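Student: sequence and predicted structure below; questions after.
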Amino acid sequence: MIEPLPELPRPEFTVIHVESSPEVPPDIARKLLAAKLSALPGAEPLPGVPDAWKWSPAPGFVLLAAMSSDGRHVFRMSSKDSYDAELCRAVLAFAREREAEVIDRPEPLIALPGFSCLGRDFDVVGRIRPQAHRLFPRDPDLNSVVFGIFPAYSSEISGTESVDQASERFGRMLKVSDLNRMPSPYVLVRFSNPKSGAGTIGELPVFVSPDYFVHELRDLEGVEAARLELWNHRNEKWRVRWDGDWRVSDGDQEIRMTGDEIVLWAATVISER
């Protein structure tokens, strides 16, 4: 009679995400991440930038990815009908120089000052954390170590954006894939105009374009029950009301303005660096 084999203890397995886990040796993590990026459809090495690749998933689109110095994170750029190799190399190099801030700072969206590129007006590099974007939606493990970067203007980012606000700014408002774009200033408002019926819903402020903001601002003229609050990229908060003329307050003082003056004021507080 054959005796049954003794029951062996069930092995325990731990799933390790090789791209980001500190348990994976750095050299192996780098090779695995490089293999994944280089295997993207159409990926080829980016000339002049080590450990970086570019690929084109559709006509007009050029995407780029560069690994961080530790080989565990990725800096990702996008362009649509506007690819500029010199600008992209400058942005990637700048991100690598400041990679400690890119990776470690907890804010969902930040602007890294000090950037410049010959012939361009961009003065910062924007960075968005993995939880606020879906740059690799079909590969959650890869997406979790990817930081979106893009050339930007200082008037566009406050650094106080929530995850949802960062996602909205990055995905819908900034048009980061257009490397020839003009500034899209940070304009966060809460307003109510009883006369026109226009206004934000509830207490949460919303992002609007500068043109829309000026339009609604003009509509407040003569409406004493109306209210408007503005936050800009410097995290300054302003209150605007009508009381026979324009009254603008920053919390400490209230200033009277004419119609022409308030339009000039709006352009200044929104766009000034």
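Tutor: The structure has been received and is ready for your questions. Residues are numbered from 1 along each chain as shown.
Student: Ser78 sits in which helix or strand?
Tutor: strand 74-80 (DSSP states H and E).
Student: in its sheet, what does that strand sit against?
Tutor: strand 61-67 (antiparallel), strand 146-152 (parallel) (DSSP bridges).
Student: among those, which is the most enclosed?
Tutor: strand 146-152 (a mean of 24; mean count of other C-beta atoms under 10 Å). (Each C-beta comes from the backbone N, C-alpha and C, glycine too.)
Student: all strands of the stretch 51-200 of the chain, in order?
Tutor: Secondary structure of the stretch 51-200 of the chain (DSSP state E, counting those that start in this stretch): strands located at 52-55, 61-67, 74-80, 109-113, 124-128, 146-152, 188-192.
Student: pLDDT averaged over the third one - what is it?
Tutor: Looking at strand 74-80 alone, the average pLDDT works out to 98.
Student: rewinding a little: okay, the strands of the stretch 51-200 of the chain in CSV with distance to Gly159 next?
Tutor: Conversion of those to CSV gives the following (distance: least, C-beta to C-beta, whole Å):
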stretch, distance to Gly159
strand 52-55, 27
strand 61-67, 23
strand 74-80, 18
strand 109-113, 5
strand 124-128, 10
strand 146-152, 12
strand 188-192, 13
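Student: follow-up on the earlier one: need the strands paired with strand 74-80 in CSV (columns: mean pLDDT and distance to Leu109).
Tutor: Supplementary listing: those in CSV, determined by pLDDT from 0 to 100; distance: least, C-beta to C-beta, whole Å:
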stretch, mean pLDDT, distance to Leu109
strand 61-67, 98, 19
strand 146-152, 99, 9
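Student: Arg134 is nearest to which of those?
Tutor: strand 146-152 (9.9 Å; C-beta to C-beta).
Student: chain center to that closest one: distance?
Tutor: Relative to its chain's centre, strand 146-152 lies at 7 Å (C-alpha atoms, centre = their mean, to the nearest Å).
Student: run the angle between that strand and strand 124-128 for me.
Tutor: 150 degrees (axes from the mean of the first three to the mean of the last three C-alpha atoms, to 10 degrees).
Student: convert strand 146-152 to CSV, retaining C-alpha atoms only.
Tutor: Taking C-alpha atoms only, strand 146-152 is exported to CSV below (Å, rounded to 0.1, in the frame of the first residue of the first chain):
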residue,chain,number,x,y,z
VAL,A,146,5.2,58.3,-14.5
PHE,A,147,5.4,62.1,-13.9
GLY,A,148,4.0,64.2,-16.7
ILE,A,149,6.2,67.2,-17.5
PHE,A,150,5.6,70.1,-19.9
PRO,A,151,6.9,73.6,-20.7
ALA,A,152,4.6,76.1,-19.1
